[in-house]
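Trainee: Next one to model:
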Amino acid sequence: MVSSPALQQQLDQKVEEIKQAVSGISEEKASKRPGEGEWCVKEVLSHLTGEDHAPAAQEFYERCLKEDKPELDITPGQSAYSPEREKAPVKELLSRVETRYGELGKFLAGLNEEQLNRKARVPFLKETPIGEYPTLGMLGMGLINFHLNDHLNQLRNLSQQ
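Mentor: Down below sits the predicted model:
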């Protein structure tokens, strides 16, 4: 079982690694797609901040505290890249990532063991080690160790091309 302060610490660390991965990248390079249909750095950062109108992970976690096993519908590969975000400087997009995950980290740090053990239903995760009915703690670890880590590696690769 992971503790809520550990989740916040790991989340903060992953955000720092994301910032380091794209530090010093030019706006031109951050906008360049490595291939047809592939994401550029700005699109990855946009994805990490999510849609402006879509509920953030924190809002879903809050639902888990109020409802019994609410369902989370995950559709992988959704891009939140818009003309506005395409024009935004990398620093602004990074700031949005830092703000979003900083808020989530503070929220997670405030959860007690009972809250971290609340379950959700996530059909997308049925065939993964996390399973279809993960706890909030497991969802937090999945977000950090799979989702953010995958995109961190993607950003590192894009920055080195």
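
Trainee: Would you mind listing the buried residues in stretch 119-137?
Mentor: K119, A120, R121, V122, L125, I130, E132, P134, T135, L136, G137 (16 or more other C-beta atoms under 10 Å). All C-beta atoms are positioned from the backbone trio N, CA, C, and that covers glycine.

Trainee: what does stretch 104-116 give?
Mentor: So for stretch 104-116, counting by 16+ other C-beta under 10 Å, buried means L104, G105, F107, L108, A109, L111, Q115, L116.

Trainee: pull the CA atoms of it into CSV?
Mentor: C-alpha atoms of stretch 104-116 as CSV (Å, rounded to 0.1, in the frame of the first residue of the first chain):
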residue,chain,number,x,y,z
LEU,A,104,-3.5,16.6,-8.0
GLY,A,105,-0.5,15.9,-5.7
LYS,A,106,-1.8,18.1,-3.0
PHE,A,107,-5.2,16.4,-3.2
LEU,A,108,-3.6,13.0,-3.1
ALA,A,109,-1.5,14.0,-0.1
GLY,A,110,-4.6,14.8,1.8
LEU,A,111,-6.2,11.4,1.4
ASN,A,112,-6.3,8.9,4.3
GLU,A,113,-5.8,5.1,4.0
GLU,A,114,-9.6,4.5,3.8
GLN,A,115,-9.9,7.0,1.0
LEU,A,116,-6.9,5.6,-0.9
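
Trainee: Residues touching it, excluding its own?
Mentor: 1-2, 4-5, 7-8, 11-12, 56-58, 61-62, 65, 135-137, 140 (C-beta atoms under 8 Å, 6 or more residues apart in numbering).

Trainee: Let's have the buried residues of stretch 104-116 in JSON lines, adding secondary structure and pLDDT.
Mentor: Listed next are the buried residues of stretch 104-116 as JSON lines, based on DSSP: H, G, I helix; E, B strand; the rest coil; pLDDT from 0 to 100:
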{"residue": "L104", "secondary structure": "helix", "pLDDT": "90"}
{"residue": "G105", "secondary structure": "helix", "pLDDT": "92"}
{"residue": "F107", "secondary structure": "helix", "pLDDT": "92"}
{"residue": "L108", "secondary structure": "helix", "pLDDT": "92"}
{"residue": "A109", "secondary structure": "helix", "pLDDT": "93"}
{"residue": "L111", "secondary structure": "coil", "pLDDT": "93"}
{"residue": "Q115", "secondary structure": "helix", "pLDDT": "95"}
{"residue": "L116", "secondary structure": "helix", "pLDDT": "94"}
